[in-house]
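Q: Sequence plus predicted model, see below.
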Amino acid sequence: MSVTTAKRPNAYVGSPVERVEDLRFLTGRGEYVADLTREGQWHAAVVRSSLAHGRIVSLDVDQALALPGVRAVLTARDIGIVPLIPLRTGLPSYQPYAQPAIADNIVRYVGEPIALVLADTAEIAEDAADKVISEIEPLPLVLGWDQSVNGQILLIGDTTTNVAGRHLASRGDAAAAFAKAPYRRRETFRVHRHMAMPMETRGVLAEWDSATSHLTVHGAAKAPYFNRKSLAKMLNMPEASVDCMECDVGGGFGARGEVYPEDFLIAFAARKFARPIKWIEDRREHFMAMNHAREIDADLEIACTRDGKLLGLRGNAYIDCGAYIRPSCITSVRNIATFMAGAYRIPNFEVYGTAALTNKTPAGGFRGPGRYESCFFFERLMDIVADDLKLDRLEFRRRNLVTADDMPYPLAKLEPSESPDGFLDSGHYPATLDACAHEFGWADKLKLNGTVIDNLHHGIGLCCFVEGGAAGPRENVRLEIESSGDVTLYSGSSAIGQGLETVMSQIAADALEIPMERIRVLHGSTNLLHEGFGSFASRATVVGGNAVLVAAKTLLETVRNAAAERFQVSPEAVLVANGVANASDGRTLSFADLGDLKLKAEGTFANSKATYSYGTAMAHVAVDATTGFTKLLEYQVVDDVGRAINPLTLHGQVIGAAVQGLGGVFSEDLPYDENGQLLVGSFAEYVMPVATDYPNIHATTMEQYPSPNNPLGAKGAGEGGIIPVAGAVGNAVAAALAPLGVTIRHLPLTPARVWELIQAARA
Amino acid sequence: MKLPPFDYRAPTSLQEALALLADHPGDARLLAGGQSLIPILAFRLAQPALLIDLRHVPSLNHIDINDSATTLGAMVRWCEIEKSEPLPQAQPLLYDACLHIAHFQIRNRGTVGGSLAHADPAAELPGVAVCCEARIRLSSGQEIAAAEFFTGALQTTLAPEEMILAVVFPAWPAARKWGFAEFARRPGDLAIAGIALFYDLDMAGRARDAHIAVIGATNLPMRLSSAEARLNGADLNEAALAAVAQAAADSADPPADIHASIAYRKSLVATLVRRALVQAMSR
């Protein structure tokens, strides 16, 4: 007799389940790397370059060593051959520009590590770091992309250019399209340097086991398995002799969890001295040591018909990458070219992305890399054209957005590239535009656009966007039935504060037909699985989540076979449903009954096709022309994520990301002076949004077009919230100030800058 | 950002505190609320040999209000000012300005004496003290006018062995008109510019005895005498508002930093004078 499996509707997937992590976090029971201590540990402090470019003449460590409690001071000389940090993204041609693990002879930015002090306490280590005396002979500086590209001063020996790489994204024949275009417009734009700024700074605790020659590095995040490979390579050790352990992580945003110089230095010291070594980054060094991001200049020209049909886009984007190419930096270079007009159908396209080195803190990935910036550039350009040609801003976009009929729509071809050509996977982009206009009340608010009420200049703006997600290549999951009958889920994805445990539990609970409470999720650490990939590029839910489906299917099959053996019947005569194996004669076995068998199953989901969430954001602002202060009156975003596994955590992601994006628009800034000195070092100067700053943010999620590229139908959604912010809000401020003759082309829109723009327009 | 090494004492009497201070000339710092000093130590901008914590010194944390003056002890915290019932009537400008100080957690710890001694040019209390001609009572027995006490950014006339005991605000006539306006990047941040002002009305309804003080937009809190002169005797109309605001902007001598240019700060001074005057006129 054969039994067919009864299908029950999803209980958890799609439900706004509260985060299982929150009780732990809210009651102070999270465990972060700073919470770890080990018997006999030494504390490290990093001595950093105070010059932006120079040759190290001497490093005098004697005074530091003389301080009671100081154990050792390491410099490049003690490392021997200083390894370069392997790249996680980007072609091998970028590798010569990778960062050395410690400055070796030359320093290239303020904050570059030049020595590591080891002491009994963190306080003593910091005291001693002040006593390392460095003599550095200054070298001429490169402080902007233009100066970098002209190449008169070369930053890296053995290279002939400061341009680490250049990519062309193309489609059709831009030259021909522009030659006969009825209308063209060329503009330059700029997004300024700012950074991810997670609440928790970085930290490393490395332990060396002499007996087994094994290194354990705590404080991993984002991509622990890749980072293990990198560390093993840099330390010249077998990969199996290194483990990267994940603690709770207070935010990643793309910046946390790549390999930085400190990851190597602390591990190296632990091995050298056979001691646990702990280093917790302080906020001041975080500003100069953690990846910076977003500093991109663009020169773009658009071609269209006078009634608003887009014909072509061409131009250049220059990314200020700082002093070295860090592991994930090139993603922004690729994205700025490929996605310069990501949501739109533009038949002829030719956009270059150029990675330029300068004497500033190296840049890296930051939530929505290249996408946040491109939305500002291109959507500003769209509004400038709409204004010029007297086109309705919504209709102009609606006419050119990618539609369901275009799917799968080929992305611009990127050259050179290590990835296959990509396609937008599914969707009807005008649908979110119309839904957003409805939710926001665009037509009504349009009456306020450009008006002045109580000395406040009102403006509304919008932005359409795509968000790439679900980066490959694959993810691994193992499910094990414990003796209690509960299930442990081991995931190669990592938790960076996004609610991974909740989402994985939901998916597994539905697939296994058991309550969520019976699933425990362990993740991230490299001792859990033979291989994993991690959480970046909005991938964990899609790639890790689908791997759960695969593993669950295998596990249920394993349960069925095991139960059949106990029942002494054929597997076809067993029905596994709701966590119970049923024989046709009424006998049952629960997971707990089978617990002694230690049943387990592995699942891998491989993915070469990205998902593309998309959406539209609209903003209503009021600008006080006397102070330059912009009040965000309302912000609405509508996105289609294919399938929302958990609307509650998704909304948290979208709204949090929106506020993070507003920080980039209005206040966060990393200015340098003419000596290459970073001018901010604390939150007194680096102005982050606080919880009360932006109360009126609304997010609406649609699920009209599931991704065809995975069984869940889900699309990555961790970054979409930030991507359209500068485009929508930039356009709103521009609309508010257009009657004053102001054109917005640069971020940030700090009160002082907006005021200066108004003065300049009046002059 | 770990603190540098220092000795720590928490004396239980004023005499003991002063004796410790005298024993470590120039090498000891008084710890009041710690809201400026601790970050200064964390950034290692100062490395005193000794911290003298005033938390157990009695009688420095009283708010005294009588017919001739309001006296705030050096260890009075912002949250105590905020919760004081008589202060809004007794010193409305002082009370209102203090509500602009920093954030909840900082207001629970920050003190009157700490703010005066730290002398941040953007701090509210020094500006109000200068505006109101308050006097600062020192351990030496001297009382010094606030306007003479502040000598520059983070600079005062306080001698190394001296300590602030209290600040004394002259009594406030009930009919006095006043306003306070500031502009900061976020509510609670240090002001890029701020204005505290008051005036009385003569029998004809014209302003007299105008006091206008600026914070944030200058190197130290100061009164803007040419703007005050414009306001004195003026009919309070739109033209007067504009003239006073302009005079204030013209006489302010602001610094430039990463948040604001000189021109922007001058413009803010004009805007804030106008806003404070509009508040005053509406009272």
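A: That came through, no problem.
Q: how about the residues of chain A near chain B?
A: A:122-123, A:126-127, A:130, A:282-284, A:626-629, A:667, A:669, A:671, A:679-682, A:684-685, A:687, A:689-690, A:692-693, A:750-752, A:755-756, A:759 (C-beta under 8 Å from any C-beta of the partner chain). Backbone N, C-alpha and C define where each C-beta goes, glycine included.
Q: how long is stretch A:35-55 end to end?
A: 38 Å (C-alpha to C-alpha, to the nearest Å).
Q: Which secondary structure element is home to residue A:78?
A: For residue A:78, the host element (DSSP states H and E) is helix A:76-79.
Q: who are the neighbours of the helix or strand just after that helix, in terms of helices and strands?
A: As assigned by DSSP H and E, the chain's next helix or strand after helix A:76-79 is strand A:106-107. Counting contacts by 3 or more C-beta pairs under 8 Å, 6 or more residues apart in numbering or on different chains; DSSP states H and E, strand A:106-107 is packed against strand A:54-60.
Q: List the buried residues for the strand it packs on?
A: Residues of strand A:54-60 classed as buried by neighbour count (16 or more other C-beta atoms under 10 Å in any protein chain shown): A:54, A:56, A:59.
Q: same thing with stretch A:752-762?
A: For stretch A:752-762, a neighbour-count test (16+ other C-beta under 10 Å) marks A:752-759 as buried.
Q: any chance of those in TSV, with secondary structure too?
A: TSV is the format used below for those (DSSP: H, G, I helix; E, B strand; the rest coil):
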residue	secondary structure
A:752	helix
A:753	helix
A:754	helix
A:755	helix
A:756	helix
A:757	helix
A:758	helix
A:759	helix
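Q: related to what we said a few turns ago, from the buried residues of strand A:54-60, which single one is nearest chain B?
A: Sorting those by distance to chain B puts residue A:59 at the head of the list, at 20.2 Å, by C-beta to the nearest C-beta.
Q: give the contact list for the closest one.
A: Going by C-beta atoms under 8 Å, 6 or more residues apart in numbering or on different chains, residue A:59 touches A:75, A:114-115, A:132-135.
Q: Now do the same contact list for residue 24.
A: You didn't pick a chain, so chain A it is. Neighbours of residue A:24 in contact, by C-beta under 8 Å, 6+ apart: A:30, A:248.
Q: Chain B, not that one
A: Residue B:24 makes contacts with B:49-50, as judged by C-beta under 8 Å, 6+ apart.
Q: Also residue A:285?
A: Counting by C-beta under 8 Å, 6+ apart, residue A:285 has contacts A:46, A:48, A:111.
Q: The one helix or strand it maps to: which residues count as buried?
A: If you go by DSSP H and E, residue A:285 is part of helix A:283-289. Residues of helix A:283-289 classed as buried by neighbour count (16+ other C-beta under 10 Å): A:284-289.
Q: got the CA coordinates for it in CSV?
A: In CSV, the C-alpha atoms belonging to helix A:283-289 read as follows (Å, rounded to 0.1, in the frame of the first residue of the first chain):
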residue,chain,number,x,y,z
ARG,A,283,35.3,53.7,18.5
ARG,A,284,38.0,56.1,17.7
GLU,A,285,40.1,53.6,15.8
HIS,A,286,36.9,52.2,14.2
PHE,A,287,36.5,55.5,12.4
MET,A,288,39.9,55.2,10.7
ALA,A,289,40.3,51.4,10.6
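Q: buried stuff in the longest helix along chain A?
A: Criterion DSSP state H: the longest helix present in chain A is helix A:545-567. For helix A:545-567, a neighbour-count test (16+ other C-beta under 10 Å) marks A:545-552, A:555-556, A:558-560, A:562-564, A:567 as buried.
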